[in-house]
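Enquirer: I need the structure of the sequence given here:
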Amino acid sequence: MLLSLVKTSTDERGDRTLEREAQWLRELEDVESLEGQLPRVLEEGWRDGHRYLVLSLAQAGAHETRAFTSDHARFLASLGKARFRVADFEVSGVCRWLQGSIQEFQQHEAFAELQRAYYDCESALLYWTGPYVLSQGDFAPWNIRTFGSQLFVYEWGRARAEASPLDDVLHYLMVQRALRRRPVGVRFLQASMRRAQEFAREAYPEWTWRPHVIGALTLVYLLGSVLHHGRESGACETSPYWRLLEMRAAWMPE
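Expert: Purely as a prediction, here's the structure:
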C-alpha cells in the first residue's frame with residue numbers, strides 16, 4: 001500500500017509555499033540521479049479556499065541521522081547539477097535575492113549592517129566565477145530519511161535556483177546547533193566551513209575553492225539566513241546568526 005502525506009495551507013503564504021513545492025517536485029521527477037529520493041506529487045488542488053498537496057512518503061525502514069555523510073554529499077552534488085549556472089556573483093540569482101530582501105529593511109536599525117555585509121560578499125567574490133545551483137532550502141535531519149546509502153528528502157517549499165553551492169551543507173551543519181539554542185561561535189563556524197570546502201572540492205572540482213571564496217560564500221549563507229529570519233519575525237537581530245554576521249572580521253579569511 002502506498003503511504004501518502006496530505007499538506008493543507010491555512011493562509012496565502014502557505015498557498016505559495018505549497019505551490020512552489022509542487023512545482024519543484026514535478027520539475028525534478030525526471031532527474032535520473034534523484035530518482036526515488038524525493039516525494040512524488042499524487043494530487044493537488046484547492047479546498048475551502050486554500051491549497052492542498054498530497055505527497056508520497058518514504059518506504060518503511062527509513063531512519064533519521066544527524067551526521068553529514070558521504071550520502072548527503074552525493075545527494076547535494078546531484079541536486080546542484082539538476083539546475084546549474086556558472087556566473088559571476090553580481091549576476092547570480094542569490095545576489096539579486098539578497099539585494100531585494102535587504103531593501104525591505106530600509107526602515108530598520110539592521111539596514112546599515114545588512115548592507116555592509118552584502119558589500120563584503122560582493123567585494124570578496126569580485127574576481128571569482130563559479131557554480132550557482134539548485135538548493136533544497138531547508139536541508140536538515142528532520143526533513144531527511146535514510147535507507148541504505150539512499151536519502152529521501154522532504155519539504156521543498158523553500159527550494160530555489162542559483163543558490164550558493166555551500167548553502168545546503170552549511171545549513172545542515174549549523175541549523176541543528178542553532179535550534180537547540182547552543183552557541184554558534186567562531187570555532188564551530190570555521191569547522192563547518194572546512195567541511196563545506198571539502199564538499200565543494202569533491203562536488204565541483206573544476207573550480208577553485210580558496211579560503212577567501214569559502215569565507216565569502218559562508219557570509220552569503222549567513223546573510224540569507226538572517227534575512228529569512230527577519231522576514232518571518234520582523235527583526236533580523238534576533239537571528240541566531242546575527243552575532244556571526246557582525247563579527248565576520250574574526251572568521252572571514254583575508
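
Enquirer: quick check, residue 183 in a strand?
Expert: No. Assigned with DSSP: H, G, I helix; E, B strand; the rest coil, residue 183 falls outside any strand and is coil.

Enquirer: any idea how far it lies from residue 227?
Expert: Going from residue 183 to residue 227 by C-beta to C-beta, to the nearest Å gives 21 Å. Every residue, glycine included, has its C-beta placed from N, CA and C.

Enquirer: out of these two, which sits in the busier spot?
Expert: Counted by other C-beta atoms under 10 Å, residue 183 and residue 227 do not tie: residue 227 has more neighbours, with 23 against 11.

Enquirer: ok so the more buried one is a helix residue?
Expert: Yes. Checked against three-state DSSP, residue 227 lies within a helix.

Enquirer: quick check: the gap between the nearest residue to it once chain neighbours are set aside and residue 108.
Expert: In this structure, residue 227 finds its nearest non-sequential neighbour in residue 101, 4.4 Å apart by C-beta to C-beta, 6 or more residues apart in numbering. Note on residue 101: its distance to residue 108, by C-beta to C-beta, is 12 Å.

Enquirer: of those two, which one has the most company?
Expert: Just comparing residue 101 and residue 108: by other C-beta under 10 Å the higher neighbour count belongs to residue 101, 19 against 15.

Enquirer: on the pLDDT front, check residue 182 for me.
Expert: Per-residue pLDDT puts residue 182 at 76.

Enquirer: ignore what I typed, I meant residue 2.
Expert: 61.

Enquirer: one step back: how about the residue nearest to residue 227, what does it touch?
Expert: 224, 227, 231 (C-beta atoms under 8 Å, 6 or more residues apart in numbering).

Enquirer: tell me which of the residues you listed has the lowest pLDDT.
Expert: The lowest pLDDT within the contacts of residue 101 belongs to residue 231, with 95.

Enquirer: that residue falls within a helix, correct?
Expert: Yes. When three-state DSSP is applied, residue 231 is found to be in a helix.

Enquirer: I'd assumed residue 104 was in contact with it.
Expert: Yes. Using C-beta atoms under 8 Å, residue 231 is in contact with residue 104, at 6.8 Å.

Enquirer: quick one: the strands in this protein?
Expert: Ranges of strands within the chain are 4-8, 41-47, 50-56, 84-88, 129-135, 144-147, 150-153, 160-163, based on DSSP state E.

Enquirer: what's the angle between the fifth one and strand 84-88?
Expert: Comparing the axes of strand 129-135 and strand 84-88 via axes from the mean of the first three to the mean of the last three C-alpha atoms, to 10 degrees yields an angle of 140 degrees.

Enquirer: now strand 129-135 - C-alpha only, CSV.
Expert: C-alpha atoms of strand 129-135 as CSV (Å, rounded to 0.1, in the frame of the first residue of the first chain):
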residue,chain,number,x,y,z
THR,A,129,33.3,33.0,-11.3
GLY,A,130,31.7,29.7,-10.1
PRO,A,131,28.7,27.5,-10.0
TYR,A,132,25.3,28.6,-8.6
VAL,A,133,23.0,25.7,-8.0
LEU,A,134,19.6,24.3,-7.0
SER,A,135,19.2,24.4,-3.2
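
Enquirer: and it, how far out from the chain middle?
Expert: Centre-to-centre, strand 129-135 and its host chain are 12 Å apart (C-alpha atoms, centre = their mean, to the nearest Å).

Enquirer: swap in the first one?
Expert: Relative to the centre of its chain, strand 4-8 is centred 23 Å away, using C-alpha atoms, centre = their mean.
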